[in-house]
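Enquirer: need a 3D model of the following:
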Amino acid sequence: MANPESILDFDDCYKSIGAPSEGLYKDNGSRFIALAFPVTSEEEVKGILSSVKKKYYDARHHCYAYRIGWKGETFRSNDDGEPSSSAGKPILNQILSHGLSDILIVVVRYFGGIKLGIPGLIRAYKTSAADAIGNAAIIEKTACKTYRLDFGYMEINQIMKIIKDMGLVPERQEFGMTCTMTVPVRIGICAAFEKAVSEAGGCNFRTIGND
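Expert: Okay, here's the model as predicted:
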């Protein structure tokens, strides 16, 4: 299996899918329904897996793999009762080979009564996952870190000038005698952003949720 951190070009952008998609593979009566979802957290993955298992409650297996984050550093695969590395790993390898992150693929298997053997299973899970990816809209996402800024009322103009000059858009802001702001910053300009905020004085900052 490829190194999960070797696929992405860690600049400002990385690839994901823009909406759910499906793929299908059939072999000797078995059906492999691949369901791909855009995700941004493991909590989201858990919720989707629960929904899929409820919808396809009569399936024999619900195998999956996911990869999350602009570095792709959060990843996992699961064989759900299939022979070791015959299901989850081929799904994950398709995610890696296409250079994707922020994606979950679940392959639901309905058993056709004939065993496929490990090579057959690997081919089935690989092909169905690849079909789901092939049917998906591939998008480019901007890799960001989200910062929380805490500063005083007197620093508002300085901080807002930095935000404007760097073309940033705050997600949340509260202004008073003590001010708070959360703002996503493109990875490529994080160092410059931190330097500018530090030099402004009177402002404390830290990254949240994506260190």
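Enquirer: dig out what R109 forms beta bridges with.
Expert: When assigned by DSSP bridges, R109 has beta-bridge partners F32, H61.
Enquirer: the helices in the chain, which residues?
Expert: Along the chain, the segments classed as helices by DSSP state H run 42-55, 88-97, 117-134, 156-165, 190-200.
Enquirer: any buried residues in stretch 158-178, and which?
Expert: Within stretch 158-178, the residues that count as buried by 16 or more other CB atoms under 10 Å are 158-159, 162-163, 168. (C-beta placed from N, C-alpha, C; glycine too.)
Enquirer: still on that earlier bit, of the helices of the chain, which is nearest C179?
Expert: Of all the helices of the chain, it is helix 156-165 that lies closest to C179, at 6.1 Å by CB to CB.
Enquirer: quick one: average confidence on the closest one?
Expert: Over the span of helix 156-165, the pLDDT mean works out to 93.
Enquirer: packing partners of it?
Expert: strand 178-186, helix 190-200 (3 or more CB pairs under 8 Å, 6 or more residues apart in numbering; DSSP states H and E).
Enquirer: which other residues reach the one helix or strand in the chain whose mean pLDDT sits lowest?
Expert: Ranked by mean pLDDT, DSSP states H and E, the helix or strand of the chain with the weakest confidence is strand 172-174, at a mean of 89. For strand 172-174, the surrounding residues in contact (CB atoms under 8 Å, 6 or more residues apart in numbering) are 179-182.
Enquirer: ok, of those residues, which come out buried?
Expert: Buried among the contacts of strand 172-174 by 16+ other CB under 10 Å: 179, 181.
Enquirer: pull the most distant pair out of the contacts of strand 172-174.
Expert: C179 and T182 (11.6 Å).
Enquirer: now do the shared contacts for these two.
Expert: Common neighbours of C179 and T182 (CB under 8 Å, 6+ apart) are 149, 173.
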